[in-house]
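Build the 3D model from these lines:
(2 chains)
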Amino acid sequence: MIQAFQWLSRIAVPSFIVFILGYGFYKKVPVYEAFVDGAREGLTTAIRILPYLAAMLIAIGVFRASGAMELLTYVLSPVTSRLGVPPEILPLALMRPMSGSASIGILAELLQIHGPDTFTGRAASTMMGSTETTFYTASIYLGSVGHKDTRYILAAGLLADFIGFTASIVICAMVFGR
Amino acid sequence: MAIFTGRLEQTTQAAFDSARYAVELGIGLIGIYCLWLGLMRIAEKSGLVKAFSRKIAPVLRLLFRDVPADSPAMGAMSMNIIANMLGLGNAATPLGINAMRELEKLNRNKKAPSHAMCLFLVINTASIQFIPTTVIALRSAAGSANPAEIVSTTLIASFCAAAAGITAAVVLKRFY
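Numbering: from 1, shown residues only, chains lettered A, B, ... in the order given. Predicted structure coming up:
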């Protein structure tokens, strides 16, 4: 079962790429032009998030070097160790519902310090991928139609985020081990 | 904080190091973003995104019973959901806003969003992820031996999140 998951992960991306290219050729899309056109957007996206990335990486770098991260981790460790959650993931979990660019910065720093192929790295990556910026999405979408009442959106969205975080830790522990 | 721990120099150094790393990372991300967004543009142009959207239409009809099956809102919603699942965040947002406008036209109470609008938003904030493009990009920039190994775990975790969000929306609807 677990091997099946890992096999799925290994083939997902290459087969997806081949499938998209194949389908493009089959539908007679000018594949090269379409790719270049999309790739240009990749350039602007990467440039656009750079200031956020810098701000977040500097903030966390300073937070860590000053010893504040150790203090936070120490204070939270009785709770986190009981739940089996790596304490260094908590800043990501707190930032994720609020800002996409800021959480990209936090994840980038986590991956650099702890390594992408560790339990912390994998659990943080899964967490980042499986949840969305609840507050941001809700505010843009509701703003676009002029509504201020959020009814149950935030409650349901944040519950989904919480379940996503918990599931990420549990599933990564099952699939990759600690 | 740095003054109390006596790590002023290290802290200053960390600020500069982080700033430099941000630029290195940003440059590294350009290539990977180009790869994904380029591929996704092919998927859009070839009608693949549209074809996938038609596949999920029956599920959406079950969730959104008060939205007519042939309304433009349904089409916009399914395109947006598929774009989100494929990790096409930038393409998804305009489609989602379009869907919200269409849903607003069907909304009889103009003071508050309808149940369909709330449910659609919850699905958006808790989307099932097939290809978490940004995370794969960040992992490969960080030198992972297998950047895509989190695809299956992300799929399952995001499925749990989506199920929880939809259930919560359906239950909470009675109280609001």
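
so how far is the helix ranked longest in chain B from its chain's centroid?
Secondary structure of chain B read by DSSP state H shows that its longest helix is helix B:8-45. Distance of helix B:8-45 from its chain centroid, counting by CA atoms, centre = their mean, to the nearest Å, is 19 Å.

next structured bit after that helix?
Sequence-wise, the next helix or strand downstream of helix B:8-45 (DSSP states H and E) is helix B:48-63.

For that following helix, C-alpha coordinates in PDB please.
Taking only C-alpha atoms (Å, rounded to 0.1, in the frame of the first residue of the first chain), the coordinates of helix B:48-63 have been written out as PDB:
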ATOM      1  CA  LEU B  48      -7.400  19.700 -21.600                       C
ATOM      2  CA  VAL B  49      -8.500  21.800 -18.700                       C
ATOM      3  CA  LYS B  50     -12.000  22.100 -20.200                       C
ATOM      4  CA  ALA B  51     -12.200  18.300 -20.800                       C
ATOM      5  CA  PHE B  52     -11.300  17.700 -17.100                       C
ATOM      6  CA  SER B  53     -13.900  20.200 -16.100                       C
ATOM      7  CA  ARG B  54     -16.600  18.300 -17.800                       C
ATOM      8  CA  LYS B  55     -15.600  15.200 -15.900                       C
ATOM      9  CA  ILE B  56     -16.300  16.800 -12.500                       C
ATOM     10  CA  ALA B  57     -19.600  18.400 -13.500                       C
ATOM     11  CA  PRO B  58     -21.700  15.500 -12.100                       C
ATOM     12  CA  VAL B  59     -20.100  15.800  -8.700                       C
ATOM     13  CA  LEU B  60     -20.700  19.600  -8.700                       C
ATOM     14  CA  ARG B  61     -24.400  19.100  -9.600                       C
ATOM     15  CA  LEU B  62     -24.700  17.000  -6.500                       C
ATOM     16  CA  LEU B  63     -23.100  19.600  -4.300                       C
END
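
same for that helix, what does it pack against?
helix A:2-26, helix B:72-85 (3 or more CB pairs under 8 Å, 6 or more residues apart in numbering or on different chains; DSSP states H and E). C-beta here means a position set from N, CA and C on the backbone, and glycine is covered the same way.

Run the angle between the longest one and helix B:48-63 for me.
Going by axes from the mean of the first three to the mean of the last three CA atoms, to 10 degrees, helix A:2-26 is angled at 120 degrees with respect to helix B:48-63.

secondary structure class for the spatially closest residue to residue B:113 that is not a sequence neighbour?
Using CB to CB, 6 or more residues apart in numbering or on different chains and skipping residues adjacent in sequence, the residue nearest residue B:113 is residue A:147, 4.8 Å away. Under the three-state scheme (DSSP: H, G, I helix; E, B strand; the rest coil), the conformation of residue A:147 reads as coil.

is the host helix or strand of residue A:36 anywhere near chain B?
When elements are defined using DSSP H and E, residue A:36 is found to belong to helix A:31-65. Yes. Part of helix A:31-65 sits close enough to chain B to count as contact by CB under 8 Å from any CB of the partner chain, namely A:31, A:34-43, A:45-47, A:49-50, A:53-54, A:57-58, A:60-62, A:64-65.

Under the pLDDT cut-off, which ranges of chain A? List them.
When residues are selected by pLDDT under 70, those of chain A lie in A:1.

Let's see that with 80 instead.
Residues of chain A that meet the criterion pLDDT under 80 lie in A:1-6, A:8-10, A:12, A:45, A:49, A:52, A:73, A:81-83, A:178.

For it, which residue occupies the most central location?
In chain A, the residue lying closest to the centroid (CA atoms, centre = their mean) is residue A:128, at 1.9 Å.

Can you tell me the SS state at it?
Local secondary structure at residue A:128 is given as helix here, using three-state DSSP.

residues in contact with it?
Taking CB atoms under 8 Å, 6 or more residues apart in numbering or on different chains as the criterion, residue A:128 is in contact with A:92, A:96, A:103, A:104, A:107, B:132, B:134, B:135, B:138.

Let's see which of those end up in helices.
A:92, A:103, A:104, A:107, B:134, B:135, B:138.

Filter those residues down to the buried ones, ChimeraX style.
In ChimeraX, a selection of the buried entries from the ones in helices among the contacts of residue A:128 looks like this (16 or more other CB atoms under 10 Å in any protein chain shown):
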select /A:92,103,104,107 /B:134,135,138
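
Could you identify the pair within the ones in helices among the contacts of residue A:128 that is furthest apart?
The distance between the two most remote of the ones in helices among the contacts of residue A:128 (CB to CB) is 13.2 Å, for A:92 and B:134.

which one among the contacts of residue A:128 gets closest to residue A:80?
Of the contacts of residue A:128, the one sitting nearest to residue A:80 (CB to CB) turns out to be residue A:92, at 13.0 Å.

roughly how far apart are that closest one and residue B:146?
21 Å (CB to CB, to the nearest Å).

Likewise for residue B:34?
Taking CB to CB as the measure, residue B:34 and residue B:146 are separated by 21 Å.

List of residues touching the worst-scoring helix or strand of chain B on mean pLDDT?
Here the helix or strand of chain B ranked lowest by mean pLDDT, DSSP states H and E is helix B:2-5, holding a mean of 72. The set of residues that contact helix B:2-5 without belonging to it, under CB under 8 Å, 6+ apart, is A:62, A:65, A:66, A:67, B:8, B:10, B:11.

Which one of the residues you listed sits in the busiest neighbourhood?
Per-residue neighbour counts (other CB atoms under 10 Å in any protein chain shown) across the contacts of helix B:2-5 peak at residue A:65, which has 23 neighbours.
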